[in-house]
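Peer 1: Quick check, what structure comes out for this input:
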Amino acid sequence: MSIEDSVFLREIYGCLIGGLVGDAMGGPSESMHYKENESKFGKITHMMDYRGKPAGHATDDSALKHENRKYKRNRDTEEDENREF
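Peer 2: Okay, here's the model as predicted:
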């Protein structure tokens, strides 16, 4: 079975993409009380520009998730290299 056929990896990919979409859609209303959010935007149904960046741009939340994933991958690689079999 190839990596592309792995159900587990497709689920991880879907989770990451879903997180990016949610992050991009939620960026403009980040840290707002839901009542303030509702009065300013109504129901958010599409992506909007956010802090001078185009609609669909991820926030620092997604960047941090990416950095954490890189750290974990590098740490796992170092542990594998130092492991005695």
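
Peer 1: show me the contacts for residue 59.
Peer 2: When contacts are counted by CB atoms under 8 Å, 6 or more residues apart in numbering, residue 59 touches 23, 24, 27, 30, 50. Heads up, the C-betas are built off the backbone N, CA and C, glycines and all.

Peer 1: And the second one, how close does it get to residue 11?
Peer 2: Taking CB to CB, to the nearest Å as the criterion, residue 24 is separated from residue 11 by 21 Å.

Peer 1: all helices of the protein, in order?
Peer 2: According to DSSP state H, the chain carries its helices in the segments 7-26, 34-41, 60-82.

Peer 1: Show me what counts as buried in the first one.
Peer 2: Yep, that's helix 7-26 we're talking about. Buried residues in helix 7-26, counting neighbours by 16 or more other CB atoms under 10 Å, are found at 20, 23, 24, 25, 26.
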